[in-house]
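**Q** This is a predicted model, with the sequence first.
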Amino acid sequence: MSYGGKAAVDGLSLEVASGTITAVLGPNGAGKTTTLETCEGYRRPHEGQVRVLGLDPIADHRALMPRIGVMLQSGGAWSGVRAEEMLRHVARLHAHPIDPDLLVERLALHECGRTPYRRLSGGQQQRLGLAMALVGRPELVFVDEPTAGLDPQVRRTVWELLEELRGDGVTVVLTTHYLEEAERLADQVHILDKGRLVASGSPLELTRGGTVATIRLVVTQPFPPGAPESLAAALGPTTELVVLDAHSLQVSGPADGTTLAVVSRWCEQHGVLPESLTLGQRNLEDVFLELTGRETAS
């Protein structure tokens with residue numbers, strides 16, 4: 001997909017397995033929303049081929065729409081319609097909808113059920129959008145930023161709901177700027193940057209290993225004079241040592257057992273008693289920054 005001669009999605013190739021939660025991540029402008037809108041049938045790709053549940057989202061639009069649910073990043077309801085009224089209207093468009101009252105209760109929409117859409121808070125609009133996407137019992141749900149603007153309690157409710165959908169065999173494709181959300185929920189993660197796929201895998205596969213390990217050393221007594229410099233010399237030029245305070249320091253170096261062994265041996269040789277010696281684990285945010293060089297932004 002190109003806009004004004006600039007590629008928004010550039011030779012992207014990926015698959016989503018049925019009955020899974022798949023997260024599509026990337027900085028702003030990476031092509032996430034364009035990719036989802038192409039799969040949803042809102043945009044026609046300029047080149048390439050898209051198949052959703054075996055169907056072409058454009059040519060087979062009428063056959064595909066009853067089988068998918070779509071939660072847009074914003075909008076999707078008339079400005080003056082009341083929240084519950086909109087949900088019940090969408091439910092009536094489907095052959096076998098979920099009872100809207102169940103979604104109203106689960107997503108705490110009763111508190112704003114009679115409020116016009118334009119007066120809903122951002123979080124309330126998000127909850128209504130998710131309910132509208134789910135009420136038709138879809139086989140596949142696209143959710144764009146499902147928990148943006150939600151308080152922590154409601155966010156956990158949404159997480160549980162998405163996990164239950166997966167347990168019922170529903171396929172979920174989501175975009176999110178909350179990387180801890182993707183790390184908790186997703187079976188598979190695709191990271192995009194500048195319209196291209198730069199990494200794919202489960203959260204464990206993406207965070208396991210890597211080129212750099214972080215070790216934090218906390219000691220029972222303050223470090224003696226010159227100790228950090230002595231440890232830095234023992235570790236060599238491939239590591240970085242930062243003194244955090246009088247009792248702790250952090251070492252970043254090659255992700256192998258050598259660095260940890262050098263720190264342990266140095267403590268023994270210099271009579272330094274560790275209170276704790278921990279090896280830091282990369283998270284999805286570390287991987288994301290390594291691959292894109294940019295933080296996510298809402």
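**A** Sure, I can see it. Nothing here was measured: the structure is a model prediction, and the numbers come from that model. Numbering: from 1, shown residues only.
**Q** Low-confidence ranges, the stretch 101-250 of the chain, go.
**A** For the stretch 101-250 of the chain, the stretches flagged by pLDDT under 70 are 209-212.
**Q** just the helices in it please.
**A** Assigned by DSSP state H, counting those that start in this stretch, the helices in the stretch 101-250 of the chain fall at 122-134, 152-167, 179-185, 203-207, 227-235.
**Q** how about JSON lines for these, with mean neighbour count and distance to His46 added?
**A** Where you see a C-beta, it was placed from the backbone N, CA and C, and this is true even at glycine. Below are those laid out as JSON lines (neighbours: other Cβ atoms under 10 Å; distance: least, Cβ to Cβ, whole Å):
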{"stretch": "helix 122-134", "mean neighbour count": "23", "distance to His46": "27"}
{"stretch": "helix 152-167", "mean neighbour count": "15", "distance to His46": "32"}
{"stretch": "helix 179-185", "mean neighbour count": "19", "distance to His46": "28"}
{"stretch": "helix 203-207", "mean neighbour count": "17", "distance to His46": "30"}
{"stretch": "helix 227-235", "mean neighbour count": "16", "distance to His46": "52"}
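**Q** any chance of the ones you listed in CSV, with distance to Lys194 too?
**A** CSV is the format used below for the helices of the stretch 101-250 of the chain (distance: least, Cβ to Cβ, whole Å):
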stretch, distance to Lys194
helix 122-134, 28
helix 152-167, 28
helix 179-185, 19
helix 203-207, 19
helix 227-235, 36
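**Q** what are the phi and psi values for the nearest residue to Phe223 once chain neighbours are set aside?
**A** In space, Phe223 comes closest to Ala246 once its chain neighbours are excluded; the distance is 6.6 Å by Cβ to Cβ, 6 or more residues apart in numbering. Per-residue torsions, Ala246: phi -70, psi -20 (degrees, to the nearest 10).
**Q** now Ala246: how far from Gly280?
**A** Look at Ala246 and Gly280: by Cβ to Cβ, to the nearest Å, they are 21 Å apart.
**Q** Leu161 now?
**A** Distance from Leu161 to Gly280, by Cβ to Cβ: 32 Å.
**Q** what does Thr214 give?
**A** Distance from Thr214 to Gly280, by Cβ to Cβ: 3 Å.
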